[in-house]
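> Next comes the sequence, and after it the predicted model I'd like to discuss.
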Amino acid sequence: MLDELPIDICNTLLGTKDAGAILASFESRGIFLKPLDEGRTVYCYHPLFHRFLQVRFQRANGTLAWHELQRQAGEIYATLELWPQAISLYLAAGAYESAARML
């Protein structure tokens with residue numbers, strides 16, 4: 001769901017502490033992932049693989065679960081005062097009132 005995968009946000013969203021190790025493992029195995037910074041604290045998936053994962057998640061868990069995950073990610077970004085990302089995620093989740101509060 002996220003265009004960029006900051007390790008700290010992945011940890012918060014997934015309730016884990018090892019997102020960095022998981023993402024580094026994916027990168028080392030060539031799983032359509034690349035770092036966006038020298039410190040390897042932010043990653044992104046290849047756009048086609050990113051879309052594949054989105055579709056697979058929605059098919060397995062349903063659209064409501066997808067929207068809830070987007071809303072939760074929006075909350076994390078809002079807490080970090082990363083307003084554009086929060087608004088984008090809220091709108092994608094259909095959480096229009098939450099998006100409006102950011103304005």
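It's in.
> who are the neighbours of the helix or strand where residue 21 lies, in terms of helices and strands?
Taking DSSP states H and E as the definition, residue 21 sits inside helix 19-28. Here helix 19-28 touches helix 7-14, strand 33-35, strand 42-45, going by 3 or more CB pairs under 8 Å, 6 or more residues apart in numbering; DSSP states H and E. The C-beta positions use only the backbone N, C-alpha and C, and glycine is treated the same way.
> For residue 94, which of these is the nearest?
helix 7-14 (18.3 Å; CB to CB).
> What about residue 80, how many residues nearby?
The number of residues packed near residue 80 is 14, by other CB atoms under 10 Å.
> what's the closest non-adjacent residue to residue 6?
Nearest non-adjacent residue to residue 6, counting by CB to CB, 6 or more residues apart in numbering: residue 42, 4.8 Å away.
> how many neighbours does the one you found have?
Residues lying near residue 42 (other CB under 10 Å) number 17.
> Tell me if I'm right that it and residue 7 touch.
Yes - the criterion here is CB atoms under 8 Å, and residue 42 meets it with residue 7 at 7.2 Å.
> which SSE is the nearest residue to residue 103 once chain neighbours are set aside in?
The shortest distance from residue 103 to any non-neighbouring residue, by CB to CB, 6+ apart, is to residue 87 (7.5 Å). Element membership for residue 87, per DSSP H and E: helix 83-93.
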